[in-house]
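Novice: next come a sequence and a model predicted from it.
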Amino acid sequence: MTAQATLAEVGDKIVIPALNVGVIEAIETMTVGEATGRFFRILLPSGMRNWLPVGRLAEKGVRRIMSRETAEELFLVIASQEAPIKRAHWNQRQQRYQQTLLDNRPRDLAAMLGELASIQAQKGLLSPREAEVYRRLHRLLVAELSQALQVDENAAEARLEEATAA
């Protein structure tokens with residue numbers, strides 16, 4: 001089954017890579033330039049809306065909210081990460097961070113958050129760019145974990161903080 005087939009329903013909760021959790025509000029026909037196509041209208045928690053082409057969700061890395069079981073596993077993934085002994089150059093790390101965000105795989109996102117938390121604990125602080133990646137990952141995972149665990153964002157954040165402190 002393809003991602004677009006599993007996400008084709010109004011009301012589905014989805015994760016848009018590096019952006020946020022959203023809800024599919026409608027499927028609309030729109031004209032963009034000279035082309036006409038069908039788009040998912042997605043409501044984000046901020047009240048903003050985003051439109052994504054029907055049939056291209058998998059290509060855009062969009063996926064359903066993770067299961068409760070996956071969410072529980074992520075806390076273990078985060079807590080088990082260690083700072084690398086030798087770190088790659090910044091441009092290589094940045095490229096890996098961006099690709100992980102775009103790939104939008106929950107376990108990879110959690111592993112990266114745990115790694116950055118471990119680096120921060122070891123060094124005392126992250127570089128400004130790594131701190132921004134950490135904040136983006138943290139916001140995205142808090143929003144998704146709250147949906148997956150069916151708790152408010154404060155409770156999800158508290159659990160995430162506990163895992164990153166481990």
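Specialist: The structure has been received and is ready for your questions.
Novice: domain-wise, how is the chain divided?
Specialist: For the chain, automatic domain parsing gives the domain ranges 3-64, 68-165.
Novice: what is the burial count for the closest residue in space to residue 155 that isn't next to it in sequence?
Specialist: In space, and not counting its chain neighbours, residue 155 is closest to residue 146: 7.2 Å by C-beta to C-beta, 6 or more residues apart in numbering. Backbone N, C-alpha and C define where each C-beta goes, glycine included. Look at residue 146: counted by other C-beta atoms under 10 Å, it has 22 neighbours.
Novice: try residue 120
Specialist: So residue 120, with other C-beta under 10 Å, has 16 neighbours.
Novice: just the strands in this protein please.
Specialist: For the chain, the strands defined by DSSP state E occupy 13-16, 20-32, 35-43, 49-53, 63-64.
Novice: return the most buried member of the ones you listed.
Specialist: strand 13-16 (a mean of 20; mean count of other C-beta atoms under 10 Å).
Novice: and that strand, what's its mean pLDDT?
Specialist: Summarised as a single mean, pLDDT over strand 13-16 is 92.
Novice: show me what that strand is packed up against.
Specialist: Counting contacts by 3 or more C-beta pairs under 8 Å, 6 or more residues apart in numbering; DSSP states H and E, strand 13-16 packs against strand 20-32, strand 63-64, helix 128-149.
Novice: ok so, going back, next up, the contacts around the residue nearest to residue 155.
Specialist: If you count contacts by C-beta atoms under 8 Å, 6 or more residues apart in numbering, residue 146 has them with 152, 153, 155, 156.
Novice: and those residues, which is closest to residue 52?
Specialist: residue 153 (23.6 Å; C-beta to C-beta).
Novice: what about the closest one, how many neighbours?
Specialist: A count of nearby residues for residue 153, using other C-beta under 10 Å, gives 15.
Novice: just give me the residue right at the centre of the protein.
Specialist: When C-alpha atoms, centre = their mean is applied to the chain, the residue found nearest the centroid is residue 140 (4.5 Å).
Novice: that one contacts residue 20, doesn't it?
Specialist: Yes. Counting by C-beta atoms under 8 Å, residue 140 does reach residue 20; the two are 6.6 Å apart.
Novice: for the residue of the chain most remote from its centre, give its distance to residue 54.
Specialist: Relative to the centre of the chain, the most outlying C-alpha is that of residue 34, 32.4 Å out, by C-alpha atoms, centre = their mean. According to C-beta to C-beta, to the nearest Å, residue 34 and residue 54 sit 18 Å apart.
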